[in-house]
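J.: following is a predicted model, sequence given first.
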Amino acid sequence: MSEDEPAQALRQLRADYPHMTITTGFCGPTRVWVARGEHGQRPWLVLSSDLSRFQAALGQPPTA
């Protein structure tokens with residue numbers, strides 16, 4: 001993943017899921033993706049180190 005890809009993916013995810021707080025960061029050397037539902041929205045928490053799995057868990061088709 002290039003340096004700009006995580007930022008692009010984060011912008012797209014936030015646009016697609018405005019009812020969730022979506023962030024990315026590092027847990028040690030591993031990038032992780034985190035989504036939290038706001039105001040009781042489901043899913044209330046999704047965490048993954050794999051962007052494709054993260055998108056699938058949110059119900060979005062993975063990007064290539």
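T.: Arrived safely, thanks for sending. Keep in mind that what you see is a predicted model, and the values were worked out from it rather than measured.
J.: from here on, just use CA atoms for contacts and neighbour counts.
T.: Fine.
J.: quick one, helices of the protein?
T.: Assigned by DSSP state H, the helices in the chain fall at 5-16, 51-58.
J.: columns mean neighbour count on top of those, output as a markdown table?
T.: As requested, the helices of the chain are exported to a markdown table (neighbours: other CA atoms under 10 Å):
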| stretch | mean neighbour count |
| --- | --- |
| helix 5-16 | 14 |
| helix 51-58 | 16 |
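J.: check those helices for me: which has the lowest mean pLDDT.
T.: Per-stretch mean pLDDT for these is lowest at helix 51-58 (a mean of 91).
J.: off-centre distance for that one?
T.: Offset of helix 51-58 from its chain centre (CA atoms, centre = their mean, to the nearest Å): 7 Å.
J.: list the beta-bridge partners for residue 27.
T.: Beta bridges link residue 27 to residue 30, judged by DSSP bridges.
J.: for the residue nearest to the spatial centre of the chain, which non-adjacent residue is closest in space?
T.: For the chain, residue 33 is the residue whose C-alpha lies nearest the centre (CA atoms, centre = their mean; 4.5 Å). Leaving aside its chain neighbours, residue 33 sits nearest to residue 24 (4.5 Å; criterion: CA to CA, 6 or more residues apart in numbering).
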